[in-house]
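Asks: Return atomic coordinates for the entry below.
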Amino acid sequence: MNMDESGRKNRVVISAVVFETIKVLDPIKFYQPMRIHLLASITGDDEKTKDIYKEFHNHVRKKCNEFDFIRDKENDIKSHNISMRKFTPLLSKIINIIENEWKKDHSCEIYVNITSGTPEYVAAATLASMMSYNGTGEIIPFSVDIDSYTIPPEKIREVYFDDVGTPVGITKTVKNPRIIPVYPVNKPEERLIRALRIFDKKTTEKKRSPSNTEMICTLKEKGLWKDHLAKNDSGEKVHYQRSFIDKWKNLKWIVQDESNNKKYLVTLLGKTYIDTFYKDDS
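Replies: Down below sits the predicted model:
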């Protein structure tokens, strides 16, 4: 396992650069990664805007060069010239970056900025973050909320309204819709989610993870206990370990408690799944 001098796992940040800089730079400063990947249309999607795209990219790259946590400025700040309007190439590029990073360090944490680019990039970055890979680290998609704007409130009408006072935004015309291909992502197993929600609730209430016996009794009460072969306490505990604990660990929904390696804590990823799926159980 590769770590930096603080003992923290190595980090990588993937971000797009279009017409925003703060949304890209501030998260990089926050996470302090060992390597940065910038996806940008450096040569531009069309002749009219290519120089502007390049200026934004060059500014972000220049600021990244000033970060002291990036040791090798030439090799650890990587720019990828790609159209920001084409979903499939963007998805392929992000997947390729993730796979290559985990070839170098299979346990590094990969942070994916899903708010800094075009809608096509956002869709591709989100989907790529949900896929399964061979690394043992984590893929952590993140968003950036806007705290303040460069346009003051008194100038909003000037920018976003037309000459006769109709709200139009900054888009004047659009092209025909373009279908984005759909890639199936399976929903998680219902029993695992419902059992994990129980595990997390008990952990929160008691400030410790519940015992195997306690969980088995509750799972039986809730109709989530499916094993008919485990006829004794020992067999039931083996079934609980294999059918729940081991699966949760493999899915990175729980991790061992550092203060007690026989106990477990629900990860941020696990809590996200709890908050997303089968919520009628609450």
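
Asks: wait, what's in contact with G270?
Replies: Applying Cβ atoms under 8 Å, 6 or more residues apart in numbering to G270 gives the contacts 196, 200, 248, 251-254. Every C-beta, even on glycine, is put in place using the N, C-alpha and C of the backbone.

Asks: which one of these is nearest T272?
Replies: Closest approach between the contacts of G270 and T272, by Cβ to Cβ: W253, at 9.1 Å.

Asks: With R157 as the reference, measure out to the closest one.
Replies: 48 Å (Cβ to Cβ, to the nearest Å).

Asks: can you check S129 too?
Replies: Applying Cβ to Cβ to S129 and R157 gives a distance of 37 Å.

Asks: got it, and Y31?
Replies: Per Cβ to Cβ, Y31 is found 37 Å from R157.

Asks: Dump the contacts of G270 into TSV; add secondary structure, neighbour count and pLDDT as well.
Replies: Output for the contacts of G270, formatted as TSV (DSSP: H, G, I helix; E, B strand; the rest coil; neighbours: other Cβ atoms under 10 Å; pLDDT from 0 to 100):
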residue	secondary structure	neighbour count	pLDDT
L196	helix	23	97
D200	helix	19	95
W248	helix	21	96
L251	coil	17	89
K252	coil	15	87
W253	coil	24	93
I254	strand	24	94
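
Asks: So what does I146 have for phi and psi?
Replies: Backbone torsions of I146, given as degrees, to the nearest 10, read phi -80, psi 130.

Asks: give me the element the residue lying closest to it once chain neighbours are set aside is part of.
Replies: Of all residues not flanking I146 in the chain, K23 sits nearest, at 8.0 Å (Cβ to Cβ, 6 or more residues apart in numbering). K23 belongs to helix 22-31 when elements are defined using DSSP states H and E.

Asks: Which positions in that helix come out as buried?
Replies: The neighbour-count check on helix 22-31 (16 or more other Cβ atoms under 10 Å) flags 23-25, 27-28, 31 as buried.
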